[in-house]
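A.B. asks: Fold the following and give me the result.
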Amino acid sequence: MRTLTKLNKAPGTAPSKTPAAAPAKMKGDADVGTDSAEARRELEDRIQGASPLARDTQTPGSAGHSQAHESAVKHVTGRADYIDDLKVPADCLHLALALSPVAHGRLTRLDLDRVRALPGVVDAVGFHEVPGHTDIGPVFPGDPIFVEEEISYAGQVLFAVAADSHAAARDAVKAALEADVLTIDEQPASLDAVAAAEHGEFVRPTHVQQSGDWEATLAGASQVVEGKQFVGGQEHFYLEGQACLVTPTEDEGVVVHTSNQHPSETQKLVAEVLGIPFHAVTVEVRRMGGGFGGKETQASPWACIAALIARRTGRAARLRLPRAEDIRVTGKRHPFHNRYRLAVDELGVIQGGEITVIGDCGYSPDLSDAIVDRAMFHADNAYSLGAARVTGHRARTHTASNTAFRGFGGPQGMMVIEAAMDDIARRVGEDPLTVRKRNLYRQGRDVTHYGQTVEQLGLLHELVERLEASSDYWARREAIRDFNVGSPVIKRGLALTPVKFGISFTAKHLNQAGALLHVYTDGSVQINHGGTEMGQGLHTKICQVVARELSLDMEAVRITATRTDKVPNTSPTAASSGADLNGMAARDACLTLKARLFDFAAEHYALDREAMRLEAGHLVAGEGESERRIPWGELVQAAYLGRVSLSEKGFYATPLIHYDRGTGQGRPFYYYAFGAAVAEVSVDTLSGEYQVDRVDILHDVGDSLNPAIDIGQVEGGFIQGMGWLTSEELRWNEAGRLISDGPATYKIPTYGDLPPEFNVELMEGHPNSMASIYRSKAVGEPPFMLGISVWSALRDALASLADYREAPRLDTPATPERVLMAAEALRSRHSGWPPAFEEPTP
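C.D. replies: The predicted model follows:
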């Protein structure tokens with residue numbers, strides 16, 4: 001069953017002018033902080049549409065309505081162009097990469113002259129052929145474009161070969177390696193993140209967040225619950241692999257077509273590698289075939305290499321990574337090693353404690369500083385930790401540099417407290433849901449361990465209670481307990497887990513966006529913005545915003561490819577902020593242009609300026625018999641003849657956010673998005689195999705910009721999160737080579753893994769308490785963590801083997817092997833069943 005949210009306003013009705021006219025919008029106001037309330041008052045007119053400029057009706061298909069993806073027809077008919085579909089010049093070169101076969105060592109010899117002499121080779125480049133910067137670390141140094149001497153992971157790029165065909169380039173790389181053109185002195189590799197942390201091997205310094213006297217709280221606790229867990233990484237497995245096409249320009253520059261979440265960063269790095277100004281590099285992204293964070297920083301190296309070849313040869317250069325190489329050479333979601341010690345009372349309510357997370361960062365910093373920070377920010381999930389210390393380590397290992405992935409460390413941080421919730425429940429003899437509800441943020445316990453006040457507490461509690469009721473949680477709990485008593489082999493489990501996810505880049509300067517709006521003399525509209533489209537529907541939502549502001553049909557608004565020469569200095573499309581930032585920037589451009597057109601119309605047509613509005617493709621002035629309606633196209637033509645600019649830029653910067661790393665305190669997030677999921681599973685405790693029988697989700701998106709797209713994001717996020725915690729296992733051999741490098745060995749969820757009953761609903765009646773675009777909330781990352789409910793349900797099913805007195809340690813991904821070992825360990829401790837395996841270890 002798929003349930004769409006009911007719109008709070010009927011189509012065709014105007015947004016309410018005053019807050020008092022929309023009681024639902026004021027429902028969450030009582031539990032917002034002083035700063036938030038002040039910001040709402042300052043921005044109310046521009047966001048709610050109370051000013052004359054924004055007092056328009058909602059056109060069906062505009063923001064707030066379900067609308068098909070702007071490229072949906074192109075997607076299903078094969079007309080949507082991806083990087084490998086772009087036509088290239090006849091003399092285009094194709095690139096292949098030579099990768100390190102060892103995880104750690106030294107490159108002592110490399111003879112590229114012999115490589116260039118091989119049949120079919122046009123050029124070959126390595127570290128010493130780079131004219132500019134050789135380090136392309138996105139934030140901190142540590143990512144050489146090619147190996148100079150030290151090799152840091154198996155798959156690191158040694159050199160690149162250019163040839164007239166892709167096959168010829170790959171054959172040349174193979175022939176070069178067989179011809180012994182290089183010598184490597186292999187050395188022992190460090191693959192254990194915990195050992196690395198113990199030896200002080202970090203890519204960035206350790207960070208600590210602390211609130212209250214956590215040590216005294218632990219010392220005086222009536223009981224202390226503690227545990228450890230390993231949370232595995234995850235391969236992005238985007239449908240379109242890493243790919244780019246670079247063409248040289250007539251001057252010293254290049255044009256880069258790339259599958260990329262951060263065009264401005266790629267522009268910067270390409271320019272630095274070539275030693276040319278930023279303005280000489282233009283980066284274009286029309287769409288990606290998936291990204292999930294894997295193309296935020298790690299799409300840039302391939303563009304840099306292709307640009308280097310293009311400038312050296314004067315020919316276009318195309319680079320696309322085969323799937324196995326793509327998986328080996330790029331970073332993953334960070335694996336984490338977590339542990340906790342929590343003081344709890346007799347009811348299972350947390351009083352305080354300490355949580356430590358160790359992120360396995362790979363060989364370089366990449367984005368690991370911010371990723372481990374976000375894991376720390378979300379180590380509480382939706383629960384008050386009390387007096388607590390959260391410590392985050394960033395361990396260095398000889399693997400590919402791990403990077404952004406949907407949730408950006410937040411999911412790994414949430415896992416530690418969700419494990420604790422299950423463990424506390426078994427300790428105090430309560431249902432896990434009861435313990436979770438007792439620990440939710442609440443009045444008097446509404447400040448996080450990093451000092452931010454959690455707003456919309458009423459929404460959090462209502463959401464959990466509504467899902468608890470709509471999913472028949474307690475009736476099903478009783479039925480499952482009864483079933484498990486009579487079923488010695490098949491055990492069923494049930495879990496409800498909430499999500500509280502902070503929305504904003506934690507790097508403050510990234511919380512900005514720009515947009516460029518053009519209106520043409522036939523009345524058609526073109527919008528461009530700094531966000532990128534990776535299938536999530538961002539471009540569709542931006543078009544809807546423009547259509548709503550200008551009161552036009554969606555067909556009148558067209559979006560163009562993201563380009564660094566249209567909107568410069570953009571932030572990555574990440575942190576779930578795409579619609580929040582770029583939607584506000586697009587709206588800002590619309591408001592400014594509308595004001596200019598209204599000023600012109602008031603003088604040109606002698607109309608009352610204050611009574612003007614745009615409505616259903618017309619400028620409307622006056623009321624009743626004195627009403628005058630001027631078609632949009634006529635207004636635009638008149639404005640052009642009157643020498644009025646029909647182009648406008650927009651800009652937006654998120655207010656209020658701040659964070660002091662020195663104190664570990666601040667307000668890093670503009671607002672929180674909430675959600676909850678109930679998962680039911682069946683586990684064969686003799687084989688470890690299991691299935692997900694039913695999932696119920698209730699998710700908070702504020703006032704949805706597009707319910708259909710948001711539902712899709714919730715469904716897809718949940719399934720991807722479920723895959724991360726169940727079937728997607730990354731495996732390295734003892735030498736540090738990744739061996740799960742394709743769909744035969746790395747298992748993402750398939751259609752058959754969908755729960756037979758999958759109920760998804762958007763929360764109604766709770767607009768965003770902050771002044772976001774039309775009071776909507778971000779929906780890209782928060783649903784991902786709903787998949788934790790499946791993992792918790794597996795633990796619940798296994799706990800029945802111990803009569804619910806113990807929650808087993810279940811590291812992730814919870815493969816059938818791990819589930820079986822956990823079941824055997826429980827039986828050995830609680831039923832005398834002879835164990836077949838040892839206790840599972842990460």
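
A.B. asks: CA atoms for contacts and neighbours, from now on please.
C.D. replies: OK.

A.B. asks: which of the residues in the host helix or strand of His337 are buried?
C.D. replies: Using DSSP states H and E, His337 falls within strand 336-344. Buried residues in strand 336-344, counted by 16 or more other Cα atoms under 10 Å: 336-344.

A.B. asks: neighbouring strands for that strand, and are they parallel or not?
C.D. replies: Using DSSP bridges, the strands paired with strand 336-344 in its sheet are strand 223-231 (antiparallel), strand 350-360 (antiparallel).

A.B. asks: Quick one: closest of the ones you listed to His133.
C.D. replies: For the strands paired with strand 336-344, the distance to His133 is smallest for strand 350-360, at 27.0 Å, taking Cα to Cα.

A.B. asks: for the protein, longest helix please?
C.D. replies: Counting by DSSP state H, the longest helix found in the chain is helix 578-604.

A.B. asks: wait, doesn't Ala193 sit right on Tyr363?
C.D. replies: No - counting by Cα atoms under 8 Å, Ala193 sits too far from Tyr363 to count as a contact (10.9 Å).

A.B. asks: Show me whatever sits in contact with both of those two.
C.D. replies: Residues touching both Ala193 and Tyr363 (Cα atoms under 8 Å, 6 or more residues apart in numbering) are 396-397.

A.B. asks: Counting neighbours, what do you get for Glu627?
C.D. replies: Applying other Cα atoms under 10 Å, we find 12 residues neighbouring Glu627.

A.B. asks: you'd agree it is up against Ala621?
C.D. replies: Yes - counting by Cα under 8 Å, Glu627 touches Ala621, with 5.6 Å between them.

A.B. asks: related to what we said a few turns ago, if we only consider the buried residues of strand 336-344, which is nearest to Arg609?
C.D. replies: Checking those against Arg609 with Cα to Cα, the nearest one is Phe336 at 59.4 Å.

A.B. asks: can you give me how far stretch 563-581 is from the chain middle?
C.D. replies: Put simply, stretch 563-581 sits 14 Å off its chain's centre (Cα atoms, centre = their mean, to the nearest Å).

A.B. asks: Alpha carbons of that stretch, in PDB - could you do that?
C.D. replies: The C-alpha trace of stretch 563-581 is given here as PDB (Å, rounded to 0.1, in the frame of the first residue of the first chain):
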ATOM      1  CA  ARG A 563      26.900  24.700 -15.300                       C
ATOM      2  CA  THR A 564      29.700  26.600 -13.500                       C
ATOM      3  CA  ASP A 565      29.500  29.500 -16.000                       C
ATOM      4  CA  LYS A 566      25.800  30.100 -15.200                       C
ATOM      5  CA  VAL A 567      25.700  29.800 -11.400                       C
ATOM      6  CA  PRO A 568      29.200  30.000  -9.900                       C
ATOM      7  CA  ASN A 569      30.800  28.900  -6.600                       C
ATOM      8  CA  THR A 570      28.100  26.300  -5.800                       C
ATOM      9  CA  SER A 571      27.900  23.900  -3.000                       C
ATOM     10  CA  PRO A 572      27.600  20.100  -3.500                       C
ATOM     11  CA  THR A 573      24.200  18.600  -3.900                       C
ATOM     12  CA  ALA A 574      24.400  16.700  -0.600                       C
ATOM     13  CA  ALA A 575      23.300  16.900   3.100                       C
ATOM     14  CA  SER A 576      19.700  16.600   1.900                       C
ATOM     15  CA  SER A 577      19.800  20.300   1.200                       C
ATOM     16  CA  GLY A 578      19.300  20.500  -2.500                       C
ATOM     17  CA  ALA A 579      15.700  21.600  -2.500                       C
ATOM     18  CA  ASP A 580      16.000  23.700   0.700                       C
ATOM     19  CA  LEU A 581      18.900  25.800  -0.600                       C
END
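
A.B. asks: what sits up against stretch 114-133?
C.D. replies: With Cα under 8 Å, 6+ apart as the test, stretch 114-133 has contacts from 112, 134, 145-148, 158-164, 168-169, 172, 175-176, 181, 272-275, 308-309, 313.

A.B. asks: Just to be sure, which of those are found in helices?
C.D. replies: Cross-referencing the contacts of stretch 114-133 against helices under DSSP H gives 112, 168-169, 172, 175-176, 272-274, 308-309, 313.

A.B. asks: Switch these over to CSV; also include neighbour count and distance to Val390.
C.D. replies: Shown next, in CSV, are the ones in helices among the contacts of stretch 114-133 (neighbours: other Cα atoms under 10 Å; distance: Cα to Cα, whole Å):
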residue, neighbour count, distance to Val390
Leu112, 18, 49
Ala168, 19, 53
Ala169, 26, 49
Ala172, 27, 51
Ala175, 15, 51
Ala176, 21, 50
Glu272, 20, 38
Val273, 21, 39
Leu274, 23, 42
Leu308, 25, 44
Ile309, 30, 47
Thr313, 15, 52
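
A.B. asks: Greatest separation within these: which pair is it?
C.D. replies: Pairwise distances across those (Cα to Cα) peak at 31.4 Å, for the pair Ala175 and Glu272.

A.B. asks: If I look at the closest residue to Tyr383 other than its chain neighbours, what pLDDT would I see?
C.D. replies: Nearest residue to Tyr383 in three dimensions, chain neighbours excluded: Leu440, at 4.3 Å (Cα to Cα, 6 or more residues apart in numbering). In this model, Leu440 is scored at 98, pLDDT.

A.B. asks: Neighbours of Leu440, how many?
C.D. replies: Per other Cα under 10 Å, the neighbour tally for Leu440 reads 22.

A.B. asks: Let me know the distance separating it from Asn582.
C.D. replies: According to Cα to Cα, to the nearest Å, Leu440 and Asn582 sit 32 Å apart.

A.B. asks: same check, this time on His75
C.D. replies: From His75 to Asn582 the distance is 23 Å (Cα to Cα).

A.B. asks: so what's Val194 up against?
C.D. replies: With Cα under 8 Å, 6+ apart, Val194 has these contacts: 337, 358, 395.

A.B. asks: Please apply the same query to Ser190.
C.D. replies: 196, 397-398.

A.B. asks: On the three-state scheme, the most far-flung residue of the chain relative to its centre is what?
C.D. replies: Farthest-out residue of the chain from its mean C-alpha position, per Cα atoms, centre = their mean: Glu625, at 52.3 Å. Secondary structure state of Glu625, per DSSP: H, G, I helix; E, B strand; the rest coil, is helix.

A.B. asks: For Trp632, see how far away it is.
C.D. replies: 21 Å.

A.B. asks: Please, which helix or strand holds the residue nearest to Thr258 when sequence neighbours are not counted?
C.D. replies: Counting by Cα to Cα, 6+ apart, the nearest residue to Thr258 once its immediate chain neighbours are dropped is Cys244, at 4.3 Å. In this structure, Cys244 is located in strand 243-248 according to DSSP H and E.

A.B. asks: Run the chain-centre distance for that strand.
C.D. replies: The answer for strand 243-248 is 26 Å, by Cα atoms, centre = their mean.

A.B. asks: try stretch 378-397
C.D. replies: Relative to its parent chain, stretch 378-397 has a centroid offset of 19 Å by Cα atoms, centre = their mean.

A.B. asks: can you give me the helices for the stretch 551-700 of the chain?
C.D. replies: 578-604, 632-641 (DSSP state H, counting those that start in this stretch).

A.B. asks: mean confidence for the shortest one?
C.D. replies: Averaged across helix 632-641, pLDDT comes to 98.

A.B. asks: do stretch 373-383 as well
C.D. replies: Across stretch 373-383, the average pLDDT comes to 98.

A.B. asks: Quote the end-to-end distance of it.
C.D. replies: 18 Å.

A.B. asks: hmm, back to that, which residues are in contact with the strand holding His337?
C.D. replies: 193-194, 217-218, 221-233, 350-360, 412, 416, 420, 424.
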